[in-house]
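Engineer: Curious how this folds, go ahead:
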Amino acid sequence: MRDLAILTFVTLDGVMQGPSSPEEDPSGGFARGGWAAPYWETVMPQVLAQSMAQPYDVLFGGKTYDLFAGHWPNVDAENPVARIMNTSKKFVVTSRDAPLTWCNATALVGDPATTIPRLKAEEGPLIQVHGSGRLIQSLLAADLIDEFRLWTFPLLVGEGKRLFAESGPRPLQLTKAATYPDGVTLTVYRRG
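Structural biologist: The predicted model follows:
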């Protein structure tokens, strides 16, 4: 049995929508995308060291897969994030028939509450979810997340999709906390 962790960038008021750029996810009229971009230069080396250093497989929702698949294969292979993203096994929760063209990508068709437990039961490294807000909501509802790796940025954006939009009470145990000079914090929680 292997664990499933989410790696999520979130504002202090809980928004996870569109951290990288305004074009990333403008759904619902969200016009504040790119809120984390000013921090990337200082934060990404920490993300690599703290949340991406150990081997893992990646689990995506369809929209996030499309976003990542349209970007990372085109980035210089010497980029450490590109190297990780392009060589990792990728599992995509999707209902589409179109083939997945990014290397090492496999479609998981069906209800995540059924397909993800089977994936977790297989041998292999940690499964880590990047982005994929709607998928995270499904995983929360099915109580399938073992670890929350939250990178919280010191800003409020007011509107947007929130990480814990519909989750009910659940005990968590803080296993790690760090604060960086730019005010970004890393908190890691495990299921209680």
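Engineer: Can you list the low-confidence ranges for this protein?
Structural biologist: Scanning the chain for pLDDT under 70 picks out 167.
Engineer: Could you name the helices and strands sitting against the biggest helix by length in it?
Structural biologist: Ranked by residue count, the top helix of the chain under DSSP state H comes out as helix 40-51. With contacts taken as 3 or more CB pairs under 8 Å, 6 or more residues apart in numbering; DSSP states H and E, helix 40-51 sits against helix 80-87, strand 147-153, strand 172-179, strand 185-191. Backbone N, C-alpha and C define where each C-beta goes, glycine included.
Engineer: partner strands of whichever helix or strand comes after that helix, parallel or antiparallel?
Structural biologist: Downstream of helix 40-51, the first helix or strand assigned by DSSP states H and E is strand 56-61. Strand 56-61 pairs in its sheet with strand 90-93 (parallel), strand 126-130 (parallel), by DSSP bridges.
Engineer: Any chance you could list what contacts the shortest one?
Structural biologist: When contacts are taken as CB atoms under 8 Å, 6 or more residues apart in numbering, the neighbours of strand 90-93 outside the stretch itself are 57-62, 65, 100, 102, 104-108, 112, 115-116, 119, 127, 132, 135, 138.
Engineer: now swap in stretch 114-122 and tell me
Structural biologist: Contact with stretch 114-122 is made by 1-4, 59, 91, 93, 108-109, 127, 139, 142, 144, as judged by CB under 8 Å, 6+ apart.
Engineer: how does it look with 10 Å?
Structural biologist: Stretch 114-122 is contacted by residues 1-4, 57, 59, 91, 93, 106-110, 112, 127, 129, 135, 138-139, 142, 144-146 when judged by CB atoms under 10 Å, 6 or more residues apart in numbering.
Engineer: now do stretch 155-169
Structural biologist: Counting by CB under 10 Å, 6+ apart, 6, 8-19, 25, 27-33, 35-36, 38-39, 133-134, 136-137, 139-141, 143, 145, 148, 150, 152, 170, 183-184 sit against stretch 155-169.
Engineer: Could you give me the buried positions within stretch 31-48?
Structural biologist: Buried positions in stretch 31-48, judged by neighbour count with 16 or more other CB atoms under 10 Å: 32-33, 35-36, 39, 43, 46-47.
Engineer: ah, wrong one, I meant stretch 17-36
Structural biologist: If you call a residue buried by 16+ other CB under 10 Å, then stretch 17-36 has these buried ones: 17-20, 24-25, 30, 32-33, 35-36.
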